[in-house]
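pasting the structure only:
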């Protein structure tokens, strides 16, 4: 039974019973989901609060709001990802997510259902077109047979990964979580837990004083709940999944699953098997900086090592680097 029925967005509707059932069974990505008839979008507080028929979507893309610490990766609110959906006659629905890779997976899944729908904003499309023109000038117009063979091999490997993106996404996510956990001071987690427990006690005391007809209890309740919600949403509390053993185990499991899936003849080691890695190697070959796959791999690693917090890059390259660099840092670029 659906407690909160999804509300219709746009002019086109589907039977309410179908929407209710799909809300329960849809493929979920963070607070949103994709069903056979509609996509299900969140309100600020409630997951999958609205439905929008798939055929009504005119444009769908990711937007990332960056705070001061955005490009350093520091701070709880370093970046806030959004899913933006345009429908009907220019109406827009923006959905806030906690994890950016959930937005990416939503878009990847939706693009398979309706590949003709643009996955970038109008402004982003303009910038991408200008960038494509600039990049075209970087590439050689004609490659040697050896370089062309290496490009073809990498394209084939990239297609293998993009046809089953779940494994690559799992590998990148596990590496990011392990890297963050390895760098974090364990004391912070226990301090956060202590604050949450204190918040719970403060909230309970506030409720008790309110029942006792003491109006000051509302302040204790609000203060306690604020502490609980703030630190619960910060992903710093030690839980069954957020602890060193679980995070290390997920990293090892993700590597093993990828190694089993791609075999031993893949052009890059299994711990680096991600479409972005292969795309960056392809660019190296097209620029004429390498002739073979092993050469392209070494040049790509050198480029990646040179990128640090003091180097300014475009947003697209930043997204690539933060996605794959944890893989190389954890494995010492070996």
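Done, it's in. Owing to the predicted nature of the structure, the values given are computational and were not obtained by experimental measurement.

The residue nearest the centre of the chain sits in which helix or strand?
By CA atoms, centre = their mean, the chain has its centre lying nearest to residue 101, at 1.2 Å. Using DSSP states H and E, residue 101 falls within helix 100-113.

coming back round to it: pLDDT score for the residue nearest to the centre of the chain?
You'll see residue 101 listed with a pLDDT of 87.

ok, now how distant is it from residue 222?
Remark: distance between residue 101 and residue 222 (CB to CB, to the nearest Å) = 33 Å. (Each C-beta comes from the backbone N, C-alpha and C, glycine too.)

Quick check: buried residues in the helix holding residue 101?
100-107, 110 (16 or more other CB atoms under 10 Å).

Please apply the same query to stretch 90-101.
93, 95, 97, 100-101.

Same list (these) but as JSON lines, adding distance to residue 255.
Formatted as JSON lines, these follow (distance: CB to CB, whole Å):
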{"residue": "93", "distance to residue 255": "38"}
{"residue": "95", "distance to residue 255": "32"}
{"residue": "97", "distance to residue 255": "26"}
{"residue": "100", "distance to residue 255": "22"}
{"residue": "101", "distance to residue 255": "18"}
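
Looking at those residues, spot the one nearest residue 274.
Using CB to CB, residue 101 comes nearest to residue 274 of the buried residues of stretch 90-101, at 12.0 Å.

Return the residues in contact with that closest one.
Counting by CB atoms under 8 Å, 6 or more residues apart in numbering, residue 101 makes contact with 169, 172-173.

Residue 80 against residue 64, yeah?
Yes. Between residue 80 and residue 64 there is a contact at 7.1 Å, judged by CB atoms under 8 Å.

Can you name the residues bridging to residue 53?
Beta-bridge partners for residue 53, by DSSP bridges, are residue 38.

unless I'm mixing things up, it is touching residue 14, no?
Yes. Look at residue 53 against residue 14 with CB under 8 Å: they come within range, at 5.8 Å.

any residues in contact with both of those two?
Common neighbours of residue 53 and residue 14 (CB under 8 Å, 6+ apart) are 37-38.

neighbouring contacts of the helix or strand where residue 132 lies?
With elements taken from DSSP H and E, the one containing residue 132 is helix 122-138. With contacts defined as CB under 8 Å, 6+ apart, helix 122-138 is touched by 59, 61, 118, 120, 286-287, 314, 316.

Might you specify the subset of those located within strands?
59, 61 (DSSP state E).

Pull the most distant pair out of the contacts of helix 122-138.
59 and 287 (32.2 Å).

and those two? which has more neighbours close in?
Neighbours per residue (other CB atoms under 10 Å) separate residue 59 from residue 287, with residue 59 holding more: 17 against 14.

how about that one, what does it touch?
Residues near residue 59 by CB under 8 Å, 6+ apart: 85-86, 117-118, 121-122.

Report the buried members of these.
Buried among the contacts of residue 59 by 16+ other CB under 10 Å: 85-86, 117, 121.

Which ones among the contacts of helix 122-138 map onto helices?
Cross-referencing the contacts of helix 122-138 against helices under DSSP state H gives 286, 316.

could I get the contacts of helix 122-138 as a markdown table with pLDDT and distance to residue 264?
Compiled in a markdown table, the contacts of helix 122-138 are given as follows (pLDDT from 0 to 100; distance: CB to CB, whole Å):
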| residue | pLDDT | distance to residue 264 |
| --- | --- | --- |
| 59 | 96 | 42 |
| 61 | 95 | 38 |
| 118 | 95 | 39 |
| 120 | 92 | 37 |
| 286 | 94 | 27 |
| 287 | 92 | 29 |
| 314 | 77 | 36 |
| 316 | 78 | 32 |
